[in-house]
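J.: what would the 3D arrangement of this be:
(one chain, ligands or ions: 1)
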Amino acid sequence: MEYKRVLTIQDISCFGQCSGTVAMPIISACGHECCIIPSAVLSTHTGGFEGFTFCDLTEELPKIMKHWQDTDIMFDCVYTGYLGSVQQIKYVAQIMGTLLIDGGLKIVDPAMADNGKLYTGFDEEYVEAMKWLCAQADIILPNITEACLLTDNEYPEKVDQEFINKLLSDLDELCGGCVILTGVSFNEGRTGVMIYESGFCSYYEHDLIGEGCHGTGDIYASAFVGGMMNEIGAVNAACVAADFTVNCIKGTIDDEDHWYGAKFEPQIPTLLEMLKESEEEAE
Ligand code: PXL
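T.: Below you'll find the predicted structure:
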């Protein structure tokens, strides 16, 4: 396995196990250098805490990019998560165009909504900008809510195969690369991930545990990026990331005091085992 250099661009929520504080340890544990451009620093994430602090770092983005450009610091992959504004999305596109090596991978998690609702602070203009960024990506990782927003489909109470096919085809039209659609549930107590790549579709179903934990989208996307950097392919990376995320939720769900995030750290050894197995199979 080649050692890769990944750049993640997203916020650092200092407490709450999401975004940057999840991406860096997981990608590093997968064996790769993980650098960050923090888009903002918050005292906690916005999902359930009151009175959190927020320090916007938008205008740092082009400055950091310029310094790295002058220093010849380049990346094998840029992975973006939660971004705070339309201006940040524009800067991210510039960074991808400037700091990625030839053939480098653009992975966009359009982290902006869940359970039929946009996160606090996002609006229609932001959704339009995210559509524009996804159109430039090699791989996008929306959940069903984000996928509906990106394709102007109404968020359904329940999905069926026909709706998922339409959503995937609309997403393919938007992105043209690989689509990893998460939270696709056809059966009670089960959920899964759809992987759509070069006209082929695969579905990986797994247990649905509880009502979902905060930050699990970031855990999933980070493990997926780790898998892609280990060159196990999008389908294997999507399956390994799903199993890892389920393990993280299982290890957290009984601890009521840990409502704000998922305990991913104790599961890292199993992630590495699953990656190793996948790598060996891929050889
Ligand atoms: O996990 C997504 C996320 C990331 N960063 C911040 C958030 C959220 C979700 O609410 O509030 C600041």
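
J.: ok, now which ones touch residue 102?
T.: Counting by C-beta atoms under 8 Å, 6 or more residues apart in numbering, residue 102 makes contact with nothing. Where you see a C-beta, it was placed from the backbone N, CA and C, and this is true even at glycine.

J.: what about residue 258, distance to the ligand?
T.: Noted for residue 258: a distance of 15 Å to the ligand, by C-beta to the nearest ligand atom, to the nearest Å.

J.: count of neighbours near that residue?
T.: The tally of other residues near residue 258 (other C-beta atoms under 10 Å) stands at 15.

J.: my read: it touches residue 252, true?
T.: Yes. With contact defined as C-beta atoms under 8 Å, residue 258 counts as touching residue 252 (5.4 Å).

J.: just the helices from this structure, written as ranges.
T.: Per DSSP state H, the chain carries helices over the ranges 20-29, 60-70, 86-99, 124-134, 144-151, 161-175, 216-229, 234-250, 268-282.

J.: go through those helices and name the closest to residue 8.
T.: helix 20-29 (4.5 Å; C-beta to C-beta).

J.: which helices and strands does that closest one pack with?
T.: Judged by 3 or more C-beta pairs under 8 Å, 6 or more residues apart in numbering; DSSP states H and E, helix 20-29 is in contact with strand 5-15, strand 33-44, helix 216-229, helix 268-282.

J.: using CSV, write out every CA atom in it.
T.: C-alpha atoms of helix 20-29 as CSV (Å, rounded to 0.1, in the frame of the first residue of the first chain):
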residue,chain,number,x,y,z
GLY,A,20,-12.3,17.3,11.8
THR,A,21,-11.8,15.6,15.1
VAL,A,22,-13.1,12.4,13.5
ALA,A,23,-11.6,12.6,10.1
MET,A,24,-8.0,13.2,11.2
PRO,A,25,-7.7,10.2,13.6
ILE,A,26,-9.5,7.8,11.3
ILE,A,27,-7.6,8.6,8.1
SER,A,28,-4.3,8.7,10.0
ALA,A,29,-5.1,5.3,11.6
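
J.: contact partners of that helix?
T.: Contacts for helix 20-29 (C-beta under 8 Å, 6+ apart): 6, 8, 10-14, 34, 36, 38, 79, 81, 215, 218-219, 221-223, 225-226, 229, 264-265, 268, 271-272.

J.: list the contacts for residue 193?
T.: Contacts of residue 193 by C-beta under 8 Å, 6+ apart are 180-184, 203-204, 238-239, 241-242.

J.: tally of neighbours for the closest residue to residue 213 other than its chain neighbours?
T.: Among residues not flanking residue 213 along the chain, residue 262 sits closest, at 4.4 Å (C-beta to C-beta, 6 or more residues apart in numbering). Neighbour count of residue 262, defined by other C-beta under 10 Å: 25.

J.: quick check, pLDDT for residue 262.
T.: Looking at residue 262, its pLDDT stands at 97.

J.: list phi and psi for it.
T.: phi -110, psi 140 (degrees, to the nearest 10).

J.: close to the ligand, is stretch 90-109?
T.: No. Stretch 90-109 is not in contact with the ligand by C-beta under 6 Å from any ligand atom; minimum separation 8.8 Å.

J.: now that stretch: buried residues?
T.: For stretch 90-109, burial by neighbour count (16 or more other C-beta atoms under 10 Å) applies to 90-93, 95-96, 99-100, 104-109.

J.: can you tell me which of those residues is closest to residue 68?
T.: Using C-beta to C-beta, residue 99 comes nearest to residue 68 of those, at 5.9 Å.

J.: which bits of the chain sit near the ligand?
T.: 11, 13, 18-19, 42, 45-47, 82, 111, 119, 215, 217-218.
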